[in-house]
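1. Below are the sequence and a predicted model; questions follow.
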Amino acid sequence: MGIKCILLALLMGPCLVQGQAKQRLIFNSDVSSRDSELYSINADGTGLRQLTFDAVSRRGNDGGQVSPDGKYITFATYKYGGWKVALAKSDFTGQKKWTKGPQYTWGAAWAPNSKSLVYNKVATKSPPYFDGDAEIFRMNLDGSGDTNLTRTKGLDHSPTWSPDGKKIVFFSDRDGSLDIFTMDPDGRNQVNLTNTPDIDEFAPCWSPDSKRIAYHHMPKGKGKRYIDTYSMDADGKNRVNLTGNQSAKRNLYTPYYPGALPIYGYQTAWSPDGGEIAYASRRTGNFELFLVRADGRGIRQLTTNGGINMYPHWVD
């Protein structure tokens, strides 16, 4: 039945016979409290379950990601003095602060072999530890080898490892707008895939075969700004708008706070079977989770709870 049953036992109860387990997602929501906690839900919208109950007031627990081998989970929490990445076993026991130092850290994403992660850290050596360039670091699961991969001025954000282990995708404003980049796992060969000064592109994720990248696309301007979900080849070619024929300008971008860049909550996540892409949208007025087919032929709403639902990630 495989090691994925470790987490499925947490989320669903006893392990199911292989092939019967439903695909599930982990995400953030404040539906049951004023603070954002981690929840899980089936891909058909059933089985909503709260997973954490210990968020710091007005902060939350954010961005839960399960290791590919099913043994661990990481998420960002405020419990260790400012935002830090926590590591726990998949049943949430043995939780500890994983990242080092006083700097704010968040957004950890697993290597395919579950032995190391990439994550965001504010690159500053003095307080305030939330103020400075957001860089992408790589560190081994055991805490060794902590390395800054980006070392650029500005924002480098949301790293995600390709399933084949060959590339890391992220977005950055180093060239004046938000663009999608890839780099090697050691930080070499950083390439701007989108390079569109009049458009912000952000929140990238990989298809399970590592051949396509999904991301958000938002034209720049002084008026209302609307977000669509796109996909493109891993080299930046063959860009396709997946939601343009169905959004009817309903996914209006609203900053998380006045003047904020669109880096909070607008995560994309490609399903393990390659069929759908999960994302958060305000097309119904508040942040709910939606799924769009990878060919762009259908959008369906996953959550309808009226809470603020963000940062979807697939469990299996």
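-> Received it, and whenever you're ready, just let me know what you need.

2. Residue 189 touches residue 181, doesn't it?
-> No. Using Cβ atoms under 8 Å, residue 189 is not in contact with residue 181, being 10.1 Å away. Yep, even glycine has a C-beta here, placed from its N, CA and C like the rest.

3. Show me which of the two is the more surrounded one.
-> More crowded of residue 189 and residue 181, by other Cβ atoms under 10 Å: residue 181, with 26 against 9.

4. partner residues bridging that one?
-> For residue 181, the beta-bridge partners are residue 170, residue 192 (DSSP bridges).

5. Look up how far residue 245 lies from it.
-> 28 Å (Cβ to Cβ, to the nearest Å).

6. Likewise for residue 57?
-> Distance, residue 57 to residue 245, by Cβ to Cβ: 42 Å.

7. Same question for residue 30.
-> Residue 30 is 32 Å from residue 245, where distance means Cβ to Cβ.

8. Of the two, give the one with the bigger neighbour count.
-> Comparing residue 30 with residue 245 by other Cβ under 10 Å, the one with more neighbours is residue 30, at 19 against 11.

9. For that one, give me its contacts.
-> Counting by Cβ atoms under 8 Å, 6 or more residues apart in numbering, residue 30 makes contact with 36, 37, 60, 307, 308.

10. what number of residues lie near the nearest residue to residue 24 once chain neighbours are set aside?
-> Spatially, and ignoring its direct neighbours in sequence, residue 24 is nearest to residue 315 (4.4 Å; Cβ to Cβ, 6 or more residues apart in numbering). Applying other Cβ under 10 Å, we find 26 residues neighbouring residue 315.

11. And for residue 289?
-> With other Cβ under 10 Å as criterion, residue 289 counts 26.

12. Mind pulling up the pLDDT for it?
-> What the model reports for residue 289 is a pLDDT of 96.

13. try residue 8
-> The score at residue 8 is 39. That number is its pLDDT.

14. For residue 189 and residue 181, list the residues in contact with both.
-> With Cβ under 8 Å, 6+ apart, residue 189 and residue 181 have no common neighbours.

15. Count the neighbours of the nearest residue in space to residue 26 that is not next to it in sequence for me.
-> Distances taken as Cβ to Cβ, 6+ apart put residue 64 closest to residue 26, at 4.4 Å, once the chain neighbours are dropped. Neighbourhood size, residue 64 [other Cβ under 10 Å]: 27.
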